[in-house]
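Q: A predicted structure for the sequence below; I have some questions about it.
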Amino acid sequence: QVQLVESGGGLVQAGGSLRLSCAASGPTFPRYTMGWFRQAPGKEREFVSAIFWTWSSQETYYGHFVKGRFTISKDNTTSTFYLQMNSLEPEDTAIYYCALDRNTRAYDIFGTYAFRGQGTQVTVSS
């Protein structure tokens, strides 16, 4: 059973940066999709970013609102994924969740991920 633990959330002023981490423990897979999603109060959960990872390649995807501000990455020495968020805006305020699945290619659909974290709060003040 894979367990995911997010960290790195917090309060930041508009224009600032945060780096979210998602530490994965449990079985490892030769390939998987790892995604970041967010949910703001009163809004539906939305796709932020995903990485389809194998030992020889990786593909990254971003939500339309990211506009070059966020970068998803993986530390190849550990089972930790990151979401570097720059130029944060108050509209980025939400709970951010990481998720992982060994098979899904529907990277932007939260329900297709078998494993999900508990979330970390990101608050951006104006």
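A: Happy to help now that I have it.

Q: for stretch 85-95, the distance to its chain's centre please.
A: On the basis of C-alpha atoms, centre = their mean, to the nearest Å, stretch 85-95 sits 13 Å off its chain's mean C-alpha point.

Q: swap in stretch 55-69?
A: 10 Å.

Q: ends of that stretch, how far apart?
A: Using C-alpha to C-alpha, to the nearest Å, one end of stretch 55-69 lies 26 Å from the other.

Q: contacts for that stretch, please.
A: 30-31, 46-52, 70, 72, 74, 85-88, 91, 107-108 (C-beta atoms under 8 Å, 6 or more residues apart in numbering). From N, CA and C alone the C-beta is placed, and that goes for glycine too.

Q: tell me what the residue nearest the centre of the chain is bridged to.
A: By C-alpha atoms, centre = their mean, the chain has its centre lying nearest to residue 36, at 2.4 Å. Beta bridges link residue 36 to residue 49, residue 98, judged by DSSP bridges.

Q: quick check: it vs residue 56, distance?
A: 23 Å (C-beta to C-beta, to the nearest Å).

Q: for residue 31, which non-adjacent residue is closest in space?
A: residue 54 (4.1 Å; C-beta to C-beta, 6 or more residues apart in numbering).

Q: thought that neighbour was touching residue 30?
A: Yes: judged on C-beta atoms under 8 Å, residue 54 makes contact with residue 30 at a distance of 6.6 Å.

Q: and the residue nearest to residue 92 when sequence neighbours are not counted, what does it touch?
A: Spatially, and ignoring its direct neighbours in sequence, residue 92 is nearest to residue 124 (5.1 Å; C-beta to C-beta, 6+ apart). Residue 124 makes contact with 11-14, 16, 88-93, according to C-beta under 8 Å, 6+ apart.

Q: pLDDT score assigned to residue 124?
A: Model confidence at residue 124, given as pLDDT, is 98.
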